[in-house]
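1. A predicted structure for the sequence below; I have some questions about it.
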Amino acid sequence: MSTSDPDLLWSPADPSSSQTELFREYINDTHYLSLESYEDLWKWSVSNRGDFWSAVWDWEQVVGIKGIYTVDESARPVDNPHWFPDTSLNWAENQLRHLKTRPRDIAIITTSEPCAGHSPSPKRFTQSELYRLVGKTQRSLYKTGVKKGDRVAFWGGNVLEAAVVLLATSSIGGIFSSAAADFGVDGVKERLEQIKPKVLFVTNGVVYAGTARPLLPLLPKLLASLSDPPQVVVIIDHLPEELVPRPKELEKERKWDEWLGPHDWDSRINFERMGFDEPIWILFSSGTTGKPKAIVHRQGGMLLDSLREHHLAGDIGRGDVFFYYTTPGWMMYQYLISSLATGATIVLYEGSPLKPHSHLWTLIDELKITIFGTSAKWIEQISKYYPDVKENHDLSSLKQILSTGSPLPSALFDFVYDRVKKDVIVGSITGGTDICSVFAGRNTSLPVYRGEIQSRMLGFALDTDTPPNTPGELICHQAFPIEPLGFWPLEGYGFPEQDVEDAQKRYKESYFKDEKGTWYHGDYVQITPSRAGNGGGVLMLGRSDGVLNPGGIRFGPTDIYSVLEGSEFADLGVEETLVVGLMVDGGADEKVVLFVKMKEDRTLDEDLTKRIKTSIRLARSARHVPAKIIQVSDVPVTLTGKRVEVPIRKVINGSPIESINPATLRNPGCLAEYVRLGEMMRKEEGGGTGFVGK
């Protein structure tokens, strides 16, 4: 490796001791090979997927029965084949496997942002304490009538009970799903209405930006809106009752402690071992083109790949303290909890990441965090408002900073190495809710180059749909074990046959658009030439769909459309709307822009603008409120009448109008107006072209 490379920011002091390099040697020994680099190992892993994933199982000492393993190496993603057909395992059993050898190790640390009347200290829970609580929760789920295949939902903050419910639900073969506190009633309804959970757990409130935010006042409205409400609702008193009094309508609902019942000394857990492809949880997409997609993930894929990700690629293990700023509504929540299987300690944090800006850095020092996960937007905010990080914090424990949610610009790589810490891996990662994992990300055996994701992950045949070293959509052209089982509902769970067929049709339409059966992931990327044997890094250039991502908070335009498309706003003159993202801060962030077409005799005035903002905030959250609301003469639609977010997103961010095929639009004459508005907005934001289009 040439140390004169100006893009080289970090390199491992002893790559030979990394898990990846040790695994490469193991593969050479067991398969009589002579793989010499990460690139060689990656190529072998995608050409020999059966041997690779079987070796990961053995290397990571998965608890369960692997059985005889065969795979069709020619299987395409669209074929979605069965993996490990003779396997018997349980995801939760593997997360709690370290109880037997290290019962006193700290498994989870919980901590919360303080607010008036609530200033909790961090709490630590050993492997033994966590196991006992999961066992008690499992027995209470059994008593409630939960069985294999039943859905169990959680709504609220990043608290211990959420992790316990996830583990207990998985232990008996139930299917877990969760929503963040800031989704709002409508957002939670859209999710619960699809999956029809038997039990719903709700925290009585959360803390954000130093303020207690009650959830209980919203709960009666949510329950009343569901066609098939949960049979049991359990309220978790995360905040003191004096801060969040319980409405009278909820007096019959059970509290967490009451539901758990009296102390139970029986600590045994009945781990229901199941097949590799049994569903474990349902995650929801952002809802770009309709209701959020209910994505069903398989337990074996989630277990095996999280071990590959956290331990094999990331060297996380006993002695590490792993933090990721997330809510239970984001896939990074499952990503964090899954690292329990490595023996590391995980940190569950409830609150704002920026009140004050020093708070999480202080937390790193206090809790001796070694792996710190955040978003590009947060790093950008720190660079502006708290730049002297290394002058104010020790950070001696910190080994890795992981970033996701949006692309991490080169300038922020420089900021971390100049102003935070020199000897640290900056691991920009990309994956998504669709796979609940990472397609490309950090690797402790490889160098870090400015602006690049370090590598494509082992086992995934990733490429672009364009010639080498040119921008294109990220694709995977071979089947992989973390492909979803499909969209909910799946067959065999009591839903109407037509609903099952519609869900699977929507699934196929979402990811497959060629006859080769290729998985189209939706990221717009460029794979760079190989350096130092990394097989090529990955440059993130944006999204190829219309998902909005302000401040790293992803949601779909439908979240906004559904608020405005009713008689209320029609009576006020709103005829049509279009919502897209305007890139700002050099591509590190985006602002939501809402274009409004009014009836001919009506105007978008200040009062209507305020009403739109208020309605969106109440129905969704403050994070959904558009930064700009602009009246336009027309909203472009396809020949079939569909709005076109992606082309307009490109145009307002500086892509030439020629990038849009006018033959696909019913009203292409309106495009010039968006070009003009884009120029105006980019000048207002002090930037030039913010988007690199296809």
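-> Yes, it's here.
2. secondary structure element holding residue 73?
-> Assigned by DSSP states H and E, residue 73 belongs to no helix or strand.
3. contacting residues around it?
-> Going by CB atoms under 8 Å, 6 or more residues apart in numbering, residue 73 touches 47, 48, 49, 50, 478. In short, each C-beta sits where N, CA and C put it, glycine included.
4. what subset of those residues is buried?
-> Buried members of these, counted by 16 or more other CB atoms under 10 Å: 48, 49, 478.
5. from the contacts of residue 73, pick the one nearest residue 217.
-> The nearest member of the contacts of residue 73 to residue 217, counting by CB to CB, is residue 478 at 49.7 Å.
6. wait, the closest one touches residue 461, no?
-> Yes. Here residue 478 lies in contact with residue 461, judged by CB atoms under 8 Å, at a distance of 3.9 Å.
7. who touches both of those two?
-> What both residue 478 and residue 461 touch, as defined by CB under 8 Å, 6+ apart, is the set residue 46.
8. please, which helix or strand holds the nearest residue to residue 132 once chain neighbours are set aside?
-> Spatial nearest neighbour of residue 132, excluding adjacent residues (CB to CB, 6 or more residues apart in numbering): residue 267 at 4.7 Å. Remark: residue 267 resides in no helix or strand, with elements defined by DSSP H and E.
9. gap between residue 267 and residue 172?
-> 16 Å (CB to CB, to the nearest Å).
10. same check, this time on residue 237
-> 25 Å.
11. among these two, which residue is more densely surrounded?
-> Shown here are residue 237 and residue 172; by other CB atoms under 10 Å, residue 172 has more neighbours (23 against 16).
12. OK, contacts around that one?
-> Residue 172 sits next to 138, 141, 142, 146, 147, 148, 270, 272 when contact means CB under 8 Å, 6+ apart.
13. same thing but 6 Å
-> Residue 172 makes contact with residue 272, according to CB atoms under 6 Å, 6 or more residues apart in numbering.
14. residue at max distance from the center of this protein?
-> Distance from the centre of the chain peaks at residue 601, with 43.7 Å (CA atoms, centre = their mean).
15. per-residue pLDDT of that residue, please?
-> The model reports residue 601 with a pLDDT of 87.
16. what pLDDT does the model give the closest residue to it other than its chain neighbours?
-> Nearest residue to residue 601, sequence neighbours excluded (CB to CB, 6+ apart): residue 573, at 7.6 Å. Residue 573 carries a pLDDT value of 93.
17. count of neighbours near the closest residue in space to residue 76 that isn't next to it in sequence?
-> Among residues not flanking residue 76 along the chain, residue 517 sits closest, at 3.3 Å (CB to CB, 6+ apart). Using other CB under 10 Å, residue 517 has 16 neighbouring residues.
18. from here on, call the first residue 348.
-> From this message on, residue numbering opens at 348, which makes the last subject residue 864.
19. ok, now how distant is residue 864 from residue 822?
-> Plainly put, residue 864 is 11 Å away from residue 822 if you go by CB to CB.
20. show me the contacts for residue 925.
-> Counting by CB under 6 Å, 6+ apart, residue 925 has contacts 942, 982, 990.
21. repeat that for 8 Å
-> 904, 941, 942, 944, 979, 982, 983, 990, 992, 995.
22. that one and residue 994, how far apart?
-> Distance, residue 925 to residue 994, using CB to CB: 11 Å.
23. and for residue 578?
-> Counting by CB to CB, the gap from residue 578 to residue 994 is 46 Å.
24. who has more neighbours out of these two?
-> The residue with more neighbours, out of residue 578 and residue 994, is residue 994; 22 against 13, by other CB under 10 Å.
25. now the host helix or strand of that one - C-alpha only, CSV.
-> Assigned by DSSP H and E, residue 994 belongs to helix 992-999. Included here for helix 992-999 are C-alpha records, laid out as CSV according to Å, rounded to 0.1, in the frame of the first residue of the first chain:
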residue,chain,number,x,y,z
GLU,A,992,-40.6,12.7,-7.8
VAL,A,993,-37.2,11.4,-9.0
PRO,A,994,-36.9,13.5,-12.2
ILE,A,995,-38.0,16.7,-10.4
ARG,A,996,-35.6,15.9,-7.6
LYS,A,997,-32.8,15.7,-10.2
VAL,A,998,-33.9,18.9,-12.0
ILE,A,999,-34.1,21.1,-8.8
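26. give me the helices and strands touching that helix, please.
-> Applying 3 or more CB pairs under 8 Å, 6 or more residues apart in numbering; DSSP states H and E, one finds that helix 992-999 contacts strand 921-931, helix 1018-1031.
27. closest to residue 870 out of those?
-> Closest among the helices and strands packed on helix 992-999, using CB to CB: strand 921-931, at 14.7 Å.
28. OK, contacts around residue 1017?
-> Applying CB under 8 Å, 6+ apart, we find residue 1017 in contact with 979, 980, 981, 982, 983.
29. tell me how far the nearest residue to the first one once chain neighbours are set aside lies from residue 1026.
-> Spelled out, it's residue 979. The spatially closest residue to residue 979, leaving aside those adjacent along the chain, is residue 942, at 4.7 Å (CB to CB, 6+ apart). As for residue 942, its distance to residue 1026 is 15 Å (criterion: CB to CB).
30. of those two, who's got more company?
-> residue 942 (26 against 14).
31. looking at that one now. What's its pLDDT?
-> On the pLDDT scale, residue 942 is placed at 97.
32. shared neighbours of residue 864 and residue 822, anything?
-> Counting by CB under 8 Å, 6+ apart, nothing touches both residue 864 and residue 822.
33. how about residue 685, nearest residue that isn't a chain neighbour?
-> Spatial nearest neighbour of residue 685, chain neighbours left out: residue 653 (3.7 Å); criterion: CB to CB, 6+ apart.
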